[in-house]
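Trainee: can't give you the sequence, but here's the structure:
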């Protein structure tokens, strides 16, 4: 079983739609959680951290469910510019150091 | 501010040749990471350094791969000899105290 699992998609949605991605992780001792965004042929960039109480940044809402070991990202009022791959990332404490484990990503395509 | 710098951006080489990828992390960052990304396997951590010391190289696929960090501002990833299955995008990332990782633009390697 992969440490971090995501539905690869693609999710094809019209502009203005609301779309949600889920991600599951296998290590219950994982410490921190993030969503990264990767545009085509570009490097990954941090989109937002995911806090236990849930957090919102504009049209983006991230939530964490530790009991079920999953993380979600909700995008409201989708824009064409939201088209990208969204990577679920889990931070683990391993051998005395922090280590990020990346999911394979979920591809989102927003169309007019 | 300069971000993470990688060179070359593109590399095309023949099977059996030595390939050296270079990375300059963000000044002041104490962690440096090398990742490989392919369609099949997603983003994989190869090795990471803390204060120039290799901490975890368990992701290095085999002995053909080696990485060094001779000082805080420079790291190399070397493949010798290269094989077609090494074709991928190689990212370098750096972070401060294990927090947000900043990725370089990547090196797109093609081995023919």
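Mentor: Great, that's in hand. Worth saying up front: this structure is predicted, and the values here are computed from it rather than measured.

Trainee: going forward, measure contacts and count neighbours with C-alpha atoms only.
Mentor: Noted.

Trainee: give me the residue from chain A nearest chain B.
Mentor: residue A:104 (4.8 Å; C-alpha to the nearest C-alpha).

Trainee: which residue is the nearest non-sequential neighbour of that residue?
Mentor: residue B:42 (4.8 Å; C-alpha to C-alpha, 6 or more residues apart in numbering or on different chains).

Trainee: in this structure the one you found contacts residue A:106, no?
Mentor: No - contact criterion C-alpha atoms under 8 Å: residue B:42 and residue A:106 do not qualify, at 10.9 Å.

Trainee: and the two? which has more neighbours close in?
Mentor: Taking neighbours as other C-alpha atoms under 10 Å in any protein chain shown, residue B:42 and residue A:106 compare with residue A:106 leading, 22 against 16.

Trainee: can you pull out the strands in the chain?
Mentor: In the absence of a named chain, chain A is used. Secondary structure of chain A (DSSP state E): strands at A:4-6, A:11-14, A:19-25, A:32-38, A:44-50, A:55-57, A:60-65, A:70-75, A:84-94, A:97-102, A:106-111.

Trainee: I was after chain B.
Mentor: Taking DSSP E to define them, one finds strands in chain B at B:5-7, B:10-13, B:19-24, B:31-38, B:42-50, B:53-56, B:65-71, B:74-79, B:88-95, B:102-103, B:107-111.

Trainee: okay, these, which one's buried deepest?
Mentor: Counting by mean count of other C-alpha atoms under 10 Å in any protein chain shown, strand B:88-95 has the highest mean neighbour count of the strands of chain B, with a mean of 26.

Trainee: helices and strands around it, which ones?
Mentor: Contacts defined by 3 or more C-alpha pairs under 8 Å, 6 or more residues apart in numbering or on different chains; DSSP states H and E place strand B:88-95 against strand B:31-38, strand B:102-103, strand B:107-111.

Trainee: let me know whether the helix or strand of chain A with the lowest mean pLDDT sits next to chain B.
Mentor: Ranked by mean pLDDT, DSSP states H and E, the helix or strand of chain A with the weakest confidence is strand A:97-102, at a mean of 82. Yes - Strand A:97-102 lies within reach of chain B by C-alpha under 8 Å from any C-alpha of the partner chain, at A:97, A:98, A:99, A:101, A:102.

Trainee: could you list the buried residues of that strand?
Mentor: Across strand A:97-102, burial judged by 16 or more other C-alpha atoms under 10 Å in any protein chain shown covers A:98, A:99, A:100, A:101, A:102.
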